[in-house]
Every structure is written in structure tokens, then in C-alpha cells.
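K.L.:
Any chance you could fold what I've pasted below:
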Amino acid sequence: MSIPQSGGGPIERHEQLAEYLAAGCKPKDDWRIGTEHEKFGYCKDSLKPIPYEGERSVLMVLEGLRDRHGWAPVEESGKLIGLTKDGANVSLEPGGQLELSGAPLRTIHETCDEVNQHLREVKDIADAVGVGFIGLGAAPEWTHDDMPLMPKGRYKLMDGYMRKVGTMGTTMMRRTCTVQVNLDFATEADMVQKMRVALALQPVATALFANSPFFEGKPNGMKSWRARVWRDLDADRTGMLPFVFEEGFGFEAYVEYALDVPMYFVYRDGKYINALGQSFRDFLKGELPALPGEVPTLSDWADHLTTIFPEARMKKFIEMRGADGGPWRRLCALPAFWVGLMYDQSSLDAAWDLVKGWDAPTRDALRVAAADDGLQARVNGIDMHALAREVVDIAEAGLKARALPGAGGLIPDETHFLNALKESVESGQVPADELLEKYEGAWGGDLSRIYAEYSY
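P.N.:
Modelled structure (predicted):
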């Protein structure tokens, strides 16, 4: 979850809302890659989730990263709730999941080095305090009551609201993890093409990265339970955004959509003010019940944009949000997948050619089928396995065209980061399939075996 935004004076013109998004436009040479990933922490002796405080806790991990690895603290109401260093942030998800929000970096080589360094630092601290971390899309055994809510004002407000607008909001908050990548655009037209490709192909990412076949101690019948959770969370702020594919879509159309998403909060003087269900349109008129007579700032608008959760989200960049958290090597595969598709024009055009004929029901059906069946999904004559093969080939061509070397020139490009996905395409098996095979075979139905074999 995002941290409070800062900067920007009062909003005096409606046009400032779209101008804020358009300010993200930048030349191709300035495009960067920002990778985020979440992971579950647990006590090694009990295999239960770690609390916020105590000898084996989230706080001990944060303090260790601060004291031993040079991260600067981020506090809220006197509580350590995050860290920052070199343009990156470590933050807490609602149930104590630890998230790295990486710095904007030029190459996947650099972003993978960042991920590797972070996981080494986390393991250094975690091993010392008897804690483990595991990358999965959903908590395999833990119940809602097992997962403590972290001491952040934003989460307290969200927790109560989620119980009123869907059936799985609190499950998402406490018991799911994702990996995502944030990418840039050059112009409004470039943003439009990227948003359309991102939304249409998000189900392919969901299928390839599906890694949550267990929930509350047993198979749940799906390859990505995390993706299933997102389908019944809050219809006002989730989904596949069909209006993005309509003629005339651009920054202003996204603004109009965002203005109709009910608010969560306004952040003032270090505190979250309850604005649950209220209207940003009223806020613009100085008629917000939570702050009567006050008009929003651009930082309020930036905050509001972080409370919208579609499969691809626009801020001053585009976030790809469809993948389960997963094993170490797949944390670098996700940026490789999307960078290959998005940062080479020929590949972006090829990806658009693949999906431009799909209608909204087809895109929605692919989203559902990807969560249920992974690469075995079939929708309206579309074979997910064959589609994934074609999309990964397009991404590989895009990375070859970028031709950005790593390891001091010893590695010619970024294509090797796709190897995990190429293996899945060849075998037809994604991480969820491997987990189910072990559960039904070598583990003999003992799901506790997952921690020793799949922790970082």
C-alpha cells in the first residue's frame, strides 16, 4: 500500500487533475522500471504469522534493517511503519506482509540486483530473530484472526469499510501478496496503448504467476486464490476498466473515473481523517463532510489515486497489478515480462494486435479463467497456454531489441530474466501446479512442508 503523498498546492482548476497525470509523460531515454513485491513473515518455530511487536516480529525486522543496513525510519504516530533508502521504500501491508517498493531503475539487471540485495538483508535480520519469509499469492494456512492488523491509520479505516462493500476485502488486506512493476509512458497516446495492452494481458500474467492454490490449510480449487479475492472486493475501485478501450480514452477519462470512486481518507498533519464513501467531486467544491469548506490539494488527489485498485492502475506511471507473489527468480521475471512488452514499440504494437479484437466480456472471462485454471484456461476459443507462449515470445523480442547488457557487458541483454516463464510455457506448469503436485505427492497432504521448501 502506498505511503502518503506530499507536495502540490490547492486545486483551483479541474484541468489540474488531468495535468497531474500528464506530468508523468517523459522521453523514452528517461523511462524507468519500479518493481514492488510483498512477502509473508512467520515465526519459524510455530509457523504462525509474525505480529507487529515482540521478540519475533515485523518491528524487529524493520529495526534490524534500520540499524544494520542503513535504512532510514518512517514513523506514524510514534510507530515504526516503514523505511527508506536510495529511492526505495520498505513498508507494511495490512496483515504484516513486508513490501519492497523499489527505486525507479533503468534496467532489469539493476532492479534484480535491488531485489536480491533486499532479500539478502531481510534474511540476515530474519535468521537472527527466528523469523522466515515466504513468497506466495495467499497465506496457505492462516485464518483472518491469525493475521494482526498493522498500526497504520489508513488500514484501520479501510478494514471497516471493506466489510461493507464486498466479501473479500479484509482477506485481500491481510492474507494476499503480489508482485508488480511500474512503467512509464511518453505521451497520452502512448499511455492509452499501454493501458489497453496492460489490462487485456493482465490475465496472462495472472496465469503465468499463479501461486496461491491453498487457503486455510487446504487446496482451494484455483491456481490463483489471490486473483479470485480481487474479484469480490469493491466493485467501485477494481476490475478491468472497459472504458479504457472506448474511443476518446485519455487522461481526462481516467480522471472522471477516479472522481467517481468513493474516498477513503484525507491525510492531514500526520493523521488520516475519515472520508469513507465521500465524494472527491464534493471535495473539489469545498463540500466534503469530513473537511467542510476546505478544497483539496494535489497531494490529496495523489492520495486518492492510490486508493483505486484496478488490474492496471494509472498514476504518473502505470502499475501492472495482476501477479501473485512468488519465488525469488520470478520477482525479476515480472518486470522482464512487462518491460519486454511495453518498452519496445514493435513489441507493444504486436501485443496490441493480439488483443485489439477482444470485447469486454472476453477480457473479463479471461481474468476469471486465469485465476481458476492458470495456463489450462480456455475462453471463447482462446487457449491461455498458446496465448502465453506468444506473449512471452513478444516480450523476449522486446528485450532483445532493448539490448541492454548486464554484468559489465558479459550478459548481452535482459532476456534471461524470462527463463522461469519460458519453462512454464514449455511445461504448461506454473508455480501453483508445482505446489499442488507436491502437496498431493511428496508432502502427503502436509501443508506445513511449504515453509521449509519455499521460503526465501
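
K.L.:
W443: how many residues sit nearby?
P.N.:
When neighbours are counted by other CB atoms under 10 Å, W443 registers 15. Using the backbone N, CA and C atoms, a C-beta is placed for each residue, glycine as well.

K.L.:
Hmm, Y454 and it touching each other?
P.N.:
No. Look at W443 against Y454 with CB atoms under 8 Å: they stay out of range, at 11.2 Å.

K.L.:
and P4, what pLDDT?
P.N.:
As predicted, P4 sits at a pLDDT of 62.

K.L.:
what's the answer for G8, then?
P.N.:
In this prediction G8 is given a pLDDT of 73.

K.L.:
surely M263 meets A275?
P.N.:
Yes. The pair M263 / A275 is scored as a contact, 4.3 Å apart, by CB under 8 Å.

K.L.:
Need the overlap of contacts for those two.
P.N.:
283, 288 (CB atoms under 8 Å, 6 or more residues apart in numbering).

K.L.:
In stretch 10-26, which residues are buried?
P.N.:
Neighbour counts over stretch 10-26 (16 or more other CB atoms under 10 Å) mark 11, 16-18, 20-22, 24-25 as buried.

K.L.:
which of the residues you listed lies closest to E437?
P.N.:
E437 has its nearest neighbour among those in G24, at 42.8 Å by CB to CB.

K.L.:
was I right about that closest one contacting K315?
P.N.:
Yes. Counting by CB under 8 Å, K315 is a contact partner of G24 at 7.1 Å.

K.L.:
out of the buried residues of stretch 10-26, which are inside helices?
P.N.:
With helices taken from DSSP state H, the overlap with the buried residues of stretch 10-26 comprises 16-18, 20-22.

K.L.:
Now tabulate these in a markdown table and tack on pLDDT and distance to I50.
P.N.:
As requested, these are arranged in a markdown table below (pLDDT from 0 to 100; distance: CB to CB, whole Å):
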| residue | pLDDT | distance to I50 |
| --- | --- | --- |
| Q16 | 98 | 42 |
| L17 | 98 | 40 |
| A18 | 98 | 42 |
| Y20 | 97 | 37 |
| L21 | 98 | 38 |
| A22 | 98 | 42 |
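
K.L.:
Tell me how many other residues crowd E252.
P.N.:
E252: 17 neighbours (other CB under 10 Å).

K.L.:
Can you tell me the closest non-neighbouring residue to it?
P.N.:
Excluding the flanking residues, the one nearest E252 by CB to CB, 6 or more residues apart in numbering is A18, at 4.8 Å.

K.L.:
ok, now which ones touch that neighbour?
P.N.:
Contact analysis of A18 by CB under 8 Å, 6+ apart lists 250-252, 254-255.

K.L.:
Distance of it relative to P296?
P.N.:
Taking CB to CB, to the nearest Å as the measure, A18 falls 15 Å from P296.

K.L.:
Neighbours of F40, how many?
P.N.:
27.

K.L.:
quick one: buried residues of stretch 263-276?
P.N.:
For stretch 263-276, using 16+ other CB under 10 Å, the buried residues are 263-267, 272, 274-275.

K.L.:
And stretch 394-406, by the same measure?
P.N.:
In stretch 394-406, counting by 16+ other CB under 10 Å, buried: 394-399, 402, 404, 406.

K.L.:
show me where pLDDT drops low in the stretch 51-200 of the chain?
P.N.:
Nowhere does the stretch 51-200 of the chain drop to pLDDT under 70.

K.L.:
sorry, back to before: export the buried residues of stretch 10-26 as CSV, with columns for distance to A128.
P.N.:
As requested, the buried residues of stretch 10-26 are exported to CSV (distance: CB to CB, whole Å):
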residue, distance to A128
I11, 47
Q16, 48
L17, 47
A18, 49
Y20, 43
L21, 44
A22, 47
G24, 40
C25, 45
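
K.L.:
now, the most widely separated pair of the residues you listed?
P.N.:
I11 and C25, at 19.8 Å, using CB to CB across the buried residues of stretch 10-26.

K.L.:
What is the top strand by length along the chain packed up against?
P.N.:
Scanning the chain for the strand with the most residues, using DSSP state E, yields strand 33-43. Applying 3 or more CB pairs under 8 Å, 6 or more residues apart in numbering; DSSP states H and E, one finds that strand 33-43 contacts strand 98-101, helix 108-129, strand 131-134, strand 178-183, helix 328-342.

K.L.:
deepest of the ones you listed, which one?
P.N.:
helix 328-342 (a mean of 26; mean count of other CB atoms under 10 Å).

K.L.:
okay, the angle between that helix and strand 33-43?
P.N.:
Using axes from the mean of the first three to the mean of the last three CA atoms, to 10 degrees, the direction of helix 328-342 lies 160 degrees away from that of strand 33-43.

K.L.:
I'd like the average pLDDT over helix 328-342.
P.N.:
Mean predicted confidence for helix 328-342 is 97.

K.L.:
elements contacting it?
P.N.:
Using 3+ CB pairs under 8 Å, 6+ apart, helix 328-342 sits against strand 33-43, helix 108-129, strand 178-183, helix 188-208, strand 318-324, helix 345-355, helix 384-402, helix 419-427.

K.L.:
Nearest to S77, out of these?
P.N.:
strand 33-43 (22.0 Å).

K.L.:
now the angle between strand 33-43 and the following helix or strand past the closest one, please.
P.N.:
The helix or strand immediately downstream of strand 33-43 is helix 58-69, counting by DSSP states H and E. Between helix 58-69 and strand 33-43, the angle comes out at 120 degrees (the same axes, to 10 degrees).

K.L.:
Can you check what angle separates helix 58-69 from helix 108-129?
P.N.:
Using the same axes, to 10 degrees, helix 58-69 lies at 110 degrees relative to helix 108-129.

K.L.:
Now find how far off-centre helix 58-69 is within its chain.
P.N.:
When C-alpha coordinates are averaged (CA atoms, centre = their mean, to the nearest Å), helix 58-69 and its chain have centres 23 Å apart.
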